[in-house]
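[1] Sequence below, structure please.
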Amino acid sequence: MVFLSSVTSYAEVEKVVIIINGMACPVCAYGVEKKLKSVKGVKDIEIDIQNGLATLTAKEGQSIEISQVPQAIEDSGFRPDKITATASGMIEKDDNDNFILKSKRSGKGF
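    Purely as a prediction, here's the structure:
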């Protein structure tokens, strides 16, 4: 798994799946969904209460701002566990051994 929390701007993150600890009822799911809707680039949210999962998909031509996802979940009263992202671009390592995802379109790191 590539951890992208230190990554900033211009990501081409198309889909994010999050395991959310403690989400067990429709009211919980509604609160999580409401907060995740505020994440930049999110078009759709699918909540799987039984498995404690939230799946986010990006708006057409946009990217999910993955750095906003953990805080949105925490703001809903829960704790994110594993976050998996599907992204377009190239992964490189910088001088500090951090992974950088490079955008296909802009060539910029994000």
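[2] so where's the chain uncertain?
    For the chain, residues meeting the criterion pLDDT under 70 lie at 1-11, 99-110.
[3] hmm, 50 instead?
    Counting by pLDDT under 50, the ranges of the chain that qualify are 1-11, 106-110.
[4] the helices in it, which residues?
    Secondary structure of the chain by DSSP state H: the helices cover 26-36, 69-75.
[5] mind checking how far the shortest one is from the chain centre?
    Taking the mean of its C-alpha atoms, helix 69-75 sits 10 Å from the chain's own mean (CA atoms, centre = their mean, to the nearest Å).
[6] Return the set of buried residues in it.
    69, 72-73 (16 or more other CB atoms under 10 Å). Bear in mind the C-beta positions are built from the backbone N, C-alpha and C, glycine included.
[7] Now do it: which elements does it pack against?
    When contacts are defined as 3 or more CB pairs under 8 Å, 6 or more residues apart in numbering; DSSP states H and E, helix 69-75 sits against strand 13-21, helix 26-36, strand 79-87.
[8] Select, out of those, the one closest to K59.
    Closest to K59 of the helices and strands packed on helix 69-75, according to CB to CB: strand 13-21, at 10.0 Å.
[9] Contacts for the closest one, please.
    Applying CB atoms under 8 Å, 6 or more residues apart in numbering, the contact partners of strand 13-21 are 4, 32, 41, 52-58, 63-66, 69, 73, 78-88.
[10] tell me how far that strand is from the chain's mean position?
    For strand 13-21, the distance to the chain centre is 5 Å (CA atoms, centre = their mean).
[11] The closest residue to V32 other than its chain neighbours: how many residues sit nearby?
    Once flanking residues are discounted, V32 sits nearest to S76: 4.6 Å by CB to CB, 6 or more residues apart in numbering. For S76, the neighbour count with other CB atoms under 10 Å is 21.
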